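# need a structure here:
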Amino acid sequence: MTGPPPLATPADAGRRVAGAHAVIRRGDGRVLLQLRAAPPGWELPGGHVAPGEAPSATVVREAAEEIGCAIRVERLTGTYTFRGLRHSRDAVFLAHLAGGAPVRSRGVLALLWADPGRLPRSLFPWFVARIEDALAPAPPGGRPVHRVQAIGPAAVLGHGGGLAADAARAVAERVRPGPAPAGRDGRVR
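Model prediction:
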């Protein structure tokens, strides 16, 4: 068998996990998001699971590559199967910083410690439920949730509208007179 063993859930047992993401939470409850250039939008740190790699190892590796710091994985909070325009399966883990401060990498335009109740409109829509699931108390028995997430034209158009609104707001903030925004060195505050 090639690739990591599947994370078994009744809904899609046997399907290989293709992606893994971390909901990195700090003490004040905020979660770390990264703004990617391609495809454009806010997302959780993470990425593709390499052949033979455990999904939990993927999020540790991706955090080091994308945000330049170590994380400690607390628990698997859910598995998610896409239906519609995308067809893959992801694992999401709750994690905390274990060393270093987040810094933008080459593929990351910005970092943001976001209040879970005020997420950017241009966050990829499937991450909202994933963040909520990760921050919810662990269910009895500790079993992670499983969701099938429909990604169709409405989700894509909604994301595009949110991206346009966030871009317009960012441009408006940059053209206002005053001191330069903090964080130009790439460090998130």
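# who's residue 19 bridged to?
Taking DSSP bridges as the rule, residue 19 bridges to residue 48, residue 90.
# shouldn't it be in contact with residue 45?
No - using CB atoms under 8 Å, residue 19 makes no contact with residue 45, being 11.5 Å away. No exception for glycine: its C-beta is placed from N, CA and C like everyone else's.
# Extract the C-alpha set from the helix or strand hosting residue 81 and format it as CSV.
According to DSSP states H and E, residue 81 maps onto strand 70-84. The C-alpha trace of strand 70-84 is given here as CSV (Å, rounded to 0.1, in the frame of the first residue of the first chain):
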residue,chain,number,x,y,z
ALA,A,70,7.1,24.6,15.3
ILE,A,71,3.7,23.5,16.4
ARG,A,72,2.4,20.9,18.8
VAL,A,73,-0.6,18.8,17.5
GLU,A,74,-3.2,18.4,20.3
ARG,A,75,-5.7,16.1,18.5
LEU,A,76,-7.4,15.2,15.2
THR,A,77,-10.7,17.2,15.2
GLY,A,78,-12.2,16.1,11.9
THR,A,79,-12.0,14.6,8.5
TYR,A,80,-13.7,16.3,5.5
THR,A,81,-14.7,14.9,2.2
PHE,A,82,-15.4,17.3,-0.7
ARG,A,83,-18.4,16.8,-3.0
GLY,A,84,-18.8,18.9,-6.2
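# Show me what that strand is packed against.
Contacts defined by 3 or more CB pairs under 8 Å, 6 or more residues apart in numbering; DSSP states H and E place strand 70-84 against strand 19-24, helix 55-67, strand 89-99, helix 126-135, strand 145-151.
# Out of the ones you listed, which one sits most buried?
Of all the helices and strands packed on strand 70-84, strand 19-24 has the most neighbours on average by mean count of other CB atoms under 10 Å, namely a mean of 27.
# Need the residues that contact that one.
Applying CB atoms under 8 Å, 6 or more residues apart in numbering, the contact partners of strand 19-24 are 31-32, 43-49, 55-56, 58-59, 62-63, 71, 73, 77, 88-97, 127, 130-131, 134-135.
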